[in-house]
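# Could you look at this predicted model? Sequence included:
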Amino acid sequence: MEASGVQTVARALSVLDCFRSGDERGVSEIARQQGLAVSTTHRLLAALVSAGFLEKDEESSRYRMGGALAEYGQIAYRQHRIYLAEPCLEQLANTTGASASVAIRHSIHAVLLGTSRWRETDGHSLQGVRLPLHASALGKTLLAWSDTSDEELQALPYDEGTARSVSGPTELREELTRTRSRGHAYNNEELDPGFRTIGVPILDPTGRCRFALGLRGPTTLMIPERLPFLIELAKVSATDIATRFATAATE
């Protein structure tokens, strides 16, 4: 592919990235965010609509995620066999009153592939699908149980998160060492004020951590006195999920 073609694809993907929040966007808004001409943005949006990645509301002339992305999401859901983890997530959530999730690493973020059903303890400001590795318990878990280079840690977006999140690669490396040593990751309002999360690895038969399990709840639920109990329940669920994944892989 010629350089101009690569640039067009990169721009289209960048435009698509504007919709990760789930909100509808207008042409001018996207053009400003991407630093593109409105005419160029129009062409990119038209191509994404044609491919089914976006939809256009004819009344408001605003754009939203298209059905093709839902289709690809379902394919990824089946390929990763997340349906096998869902009963464990629901049981863990029902037992603890917290929200349970499974995530995988994608570049500099942890991406949620499966989450228990919404509950009151989640509050009305729900966790996003893509979480910064350094500021989330799921991300710390995925980093701690993998061979992560110093260069990878330096490339993380340390401007994301709250004032409580780690501020740089040196501090993060120390946190990852503690995480691996104690057997779980901990997020104390580092991503969302008022919420804490526990993260534990889901290990395959070779000991590799491809997936992580997170247990998230408000600080009023995730009090220090309850954490040991919650951590043990999360570890039991992670082992159960790992067994289900391993069994399915051999069938």
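Looks like it arrived, so ask away. Residues are numbered from 1 along each chain as shown.
# hang on, Cys88 packs against Lys235?
No. Contact between Cys88 and Lys235 fails when scored by Cβ atoms under 8 Å: they sit 11.8 Å apart. In this view, the C-beta of every residue, glycine as well, is placed from N, C-alpha and C.
# These two: which has the busier surroundings?
Cys88 (24 against 16; other Cβ atoms under 10 Å).
# Is the residue positioned nearest the centre of the chain part of a helix or strand, or is it coil?
Centroid-nearest residue in the chain, with Cα atoms, centre = their mean: Val111, separated by 2.4 Å. Secondary structure, DSSP: H, G, I helix; E, B strand; the rest coil: Val111 is strand.
# where exactly do the helices run in the stretch 51-200 of the chain?
67-79, 86-96, 137-144, 150-154, 169-182 (DSSP state H, counting those that start in this stretch).
# Tabulate those (CSV), appending distance to Asp192 and mean pLDDT.
Shown next, in CSV, are the helices of the stretch 51-200 of the chain (distance: least, Cβ to Cβ, whole Å; pLDDT from 0 to 100):
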stretch, distance to Asp192, mean pLDDT
helix 67-79, 23, 72
helix 86-96, 17, 94
helix 137-144, 11, 97
helix 150-154, 22, 94
helix 169-182, 18, 96
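# Just name the most buried of these.
helix 137-144 (a mean of 28; mean count of other Cβ atoms under 10 Å).
# who does that one touch, helix- and strand-wise?
strand 99-106, strand 109-115, strand 130-132, helix 169-182, strand 185-188, strand 195-203, strand 209-218 (3 or more Cβ pairs under 8 Å, 6 or more residues apart in numbering; DSSP states H and E).
# and the shortest one, what other elements does it pack with?
To tie it back to what came earlier, the one meant is strand 130-132. strand 109-115, helix 137-144.
# how much space between the nearest residue to Ile108 once chain neighbours are set aside and Cys88?
Distances taken as Cβ to Cβ, 6 or more residues apart in numbering put Leu156 closest to Ile108, at 5.4 Å, once the chain neighbours are dropped. According to Cβ to Cβ, to the nearest Å, Leu156 and Cys88 sit 29 Å apart.
# can you list the helices and strands packed on strand 130-132 in a markdown table and add distance to Ala103?
Formatted as a markdown table, these follow (distance: least, Cβ to Cβ, whole Å):
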| stretch | distance to Ala103 |
| --- | --- |
| strand 109-115 | 4 |
| helix 137-144 | 4 |
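# What's the local residue count around Ser50?
So Ser50, with other Cβ under 10 Å, has 10 neighbours.
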